[in-house]
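S.K.: test case, fold it:
(2 chains)
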Amino acid sequence: MIHTYSLLGYHIVLDVCSGSIHLVDEVSLRLIEGYETRDRESLLSELAARYARQVSRAELEDAYDQVTALKAAGKLFAPDTFAPMAGELKNRSAGVVKALCLHVAHVCNLNCAYCFASQGKYHGERALMSFETGQRALDFLVEHSGSRRNLEVDFFGGEPLMNFQVVKDLVRYARSVEQEKGKNFRFTLTTNGMLIDDEVIDFANRECHNVVLSLDGRREIHDRFRVDYAGRGSFDRIVPKFQKLVAARGGKNYYMRGTFTHANPDFLKDIEAMLELGFTELSMEPVVCAPDDPSALTEADKPIVMEQYEKLAELMLRREKEGRPFTFYHYMIDLTGGPCIYKRISGCGSGTEYMAVTPWGDLYPCHQFVGEEAFRLGDIWTGVTNTAVQGAFAACNVYAREECRTCWARLYCSGGCAANAYHATGRIDGVYGYGCDLFRKRMECALLLAVLRQLGETA
Amino acid sequence: MIQIKTIQTRNLCESAKNGGCGECQTSCQSACKTSCGIANQNCENKNADK
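M.R.: Numbers count the residues shown, from 1 in each chain, chains lettered A, B, ... in the order given. Here you go, the predicted model:
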């Protein structure tokens, strides 16, 4: 299976299963598109007539032979032989947990209307995780991590800094046991910034592998949703704190993470606003909400969003050439060192290697399922008891969905987000088509940027 | 002049041979938290045939 597309004046051929990518001209693009379905003579005759001014018949024959050689080398039209391996990684690591999302605070000091977590409460009661519960969660992770050395823990909420003392105590505890247990904890803090102070900055920069900072871009966009309980926008209060934290971070990972909604499908302006504020590690996510929510993206928004992704790629190219690069989370692709095929086909890992822990110690498949009682997996004391639900998540992989089998982007999304699928279709093995359309567009842009970087065309 | 320029990429078929160590980052545990993508992650298997 191949995927061909033209973007920003370039023509790309992706050989889906081998992962090979070819930068081609328009004539070769048409030749490759017709190679498997047309006979040689009729294809070459048609192309010779159509592109008579650009190429000779001999050149076309030579190109045809090149395509034949690439196919023989497994770099074009490689068959999908991966289906039998789809469940292998999960079977091999059955019972192994390597990442927990710790909901240390089901409270929040902001009242964002679009929050999928219902202002941090996840449709339940306000609550803070105790140190003892968090400690047991870390022990649960170590006990179930098998031979995995790298363990990921995200302090999440609500707003995790509303329970900062417990966060600090849990990190201290983890550091005290990791050497003896042969583990390496990687902590992430996801915060709205309201409670950032010098102590938080020092802690985050010393202990956190990554920091995710919520900022939606332009002041008027940010303050539309991200307000306190008095209805006041948070932009002016958090931006100086974020700037101070990032300046002190010394090159360690961070992301300014924004959400775009029906209110700002022209989110490139928000990316530009973040850049003007001095931030360079950026992520912008489509809102996750019910289709009838006023902030939900509409079909009419989709072409605007698609165009924004293209313009974002153009902006990145331009700034890289100017020596002012920035990172966009969804456009990061390592063509030579990316994930192996097992990772690419085995699904996101929610409910198996990754789980969320509530303030009172319940386990859910991921942070987005917290509060959905039917998806409660068990707790950190007795472990997973709802094996039926865990089994359903374990079975989620690229080959579990019929639509994915014929999608060219399946080895880049690993089958998509189970929560998005559930909210869109009522099934975790459903398909959230709108999200898929956006994802494919992002991958086209990301692949092109990676190709141009490798060829030195962004220097 | 017709041009077909093949870009250097990891051979996904070959990656099956030594892949699957599981040390790489969990898909969602990073910046997004609301959409799944694995393309932007790095392989952490130092012994892998890349």
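
S.K.: near residue 24, how many other residues are there?
M.R.: Looking at chain A here, since you left the chain open. The tally of other residues near residue A:24 (other Cβ atoms under 10 Å in any protein chain shown) stands at 24. (Each C-beta comes from the backbone N, C-alpha and C, glycine too.)

S.K.: the chain in question should be chain B.
M.R.: Number of residues near residue B:24 (other Cβ under 10 Å) recorded here: 21.

S.K.: residue A:336 too?
M.R.: By other Cβ under 10 Å, 14 other residues sit near residue A:336.

S.K.: quick check: it touching residue B:12?
M.R.: No - when contacts are counted by Cβ atoms under 8 Å, residue A:336 is not listed as touching residue B:12 (11.8 Å).

S.K.: where's residue A:392 relative to residue A:253, distance?
M.R.: 33 Å (Cβ to Cβ, to the nearest Å).

S.K.: next one: residue A:275
M.R.: The value you get for residue A:275 to residue A:253, if Cβ to Cβ is used, is 18 Å.

S.K.: go on, residue A:144?
M.R.: Applying Cβ to Cβ to residue A:144 and residue A:253 gives a distance of 26 Å.

S.K.: end-to-end on stretch A:285-302?
M.R.: End-to-end distance of stretch A:285-302: 14 Å, with Cα to Cα, to the nearest Å as the criterion.

S.K.: what's near enough to touch residue A:75?
M.R.: By Cβ atoms under 8 Å, 6 or more residues apart in numbering or on different chains, the residues touching residue A:75 are A:15, A:18, A:20, A:22, B:6.

S.K.: dump the residues you listed to JSON lines, plus neighbour count and pLDDT.
M.R.: Output for the contacts of residue A:75, formatted as JSON lines (neighbours: other Cβ atoms under 10 Å in any protein chain shown; pLDDT from 0 to 100):
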{"residue": "A:15", "neighbour count": "24", "pLDDT": "97"}
{"residue": "A:18", "neighbour count": "22", "pLDDT": "94"}
{"residue": "A:20", "neighbour count": "25", "pLDDT": "96"}
{"residue": "A:22", "neighbour count": "26", "pLDDT": "98"}
{"residue": "B:6", "neighbour count": "17", "pLDDT": "96"}
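
S.K.: can you give me phi and psi for residue 4?
M.R.: Went with chain A since none was named. Per-residue torsions, residue A:4: phi -120, psi 140 (degrees, to the nearest 10).

S.K.: wait, chain B
M.R.: Main-chain torsions, residue B:4, degrees, to the nearest 10: phi -130, psi 110.

S.K.: tally up the residues packed near it, please.
M.R.: Using other Cβ under 10 Å, residue B:4 has 20 other residues around it.

S.K.: and it, how far is that from chain A?
M.R.: In this view, residue B:4 and chain A are 5 Å apart by Cβ to the nearest Cβ, to the nearest Å.

S.K.: tell me what that residue is bridged to.
M.R.: residue A:24 (DSSP bridges).

S.K.: could you name the helices and strands sitting against the host helix or strand of residue A:318?
M.R.: Element membership for residue A:318, per DSSP states H and E: helix A:302-321. Under the contact criterion of 3 or more Cβ pairs under 8 Å, 6 or more residues apart in numbering or on different chains; DSSP states H and E, helix A:302-321 touches helix A:268-276, helix A:433-454.

S.K.: please produce CSV containing the contacts of residue A:75, extended by distance to residue A:375 and secondary structure.
M.R.: Output for these, formatted as CSV (distance: Cβ to Cβ, whole Å; DSSP: H, G, I helix; E, B strand; the rest coil):
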residue, distance to residue A:375, secondary structure
A:15, 38, strand
A:18, 37, coil
A:20, 39, coil
A:22, 43, strand
B:6, 45, strand
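
S.K.: show me which of these is closest to residue B:18.
M.R.: Closest approach to residue B:18 among these (Cβ to Cβ): residue A:18, at 16.8 Å.

S.K.: tell me the contacts of that closest one?
M.R.: Residues counted as contacts of residue A:18 (Cβ under 8 Å, 6+ apart) are A:74-76, A:78, B:11-13.

S.K.: switch to 10 Å and redo it
M.R.: Contacts for residue A:18 (Cβ atoms under 10 Å, 6 or more residues apart in numbering or on different chains) come out as A:2, A:70, A:73-79, B:9-14.

S.K.: one more: residue A:76?
M.R.: Per Cβ under 10 Å, 6+ apart, neighbours of residue A:76: A:2, A:13, A:15, A:18, A:20, A:22, A:32, A:35-36, A:66-70, B:4, B:6.
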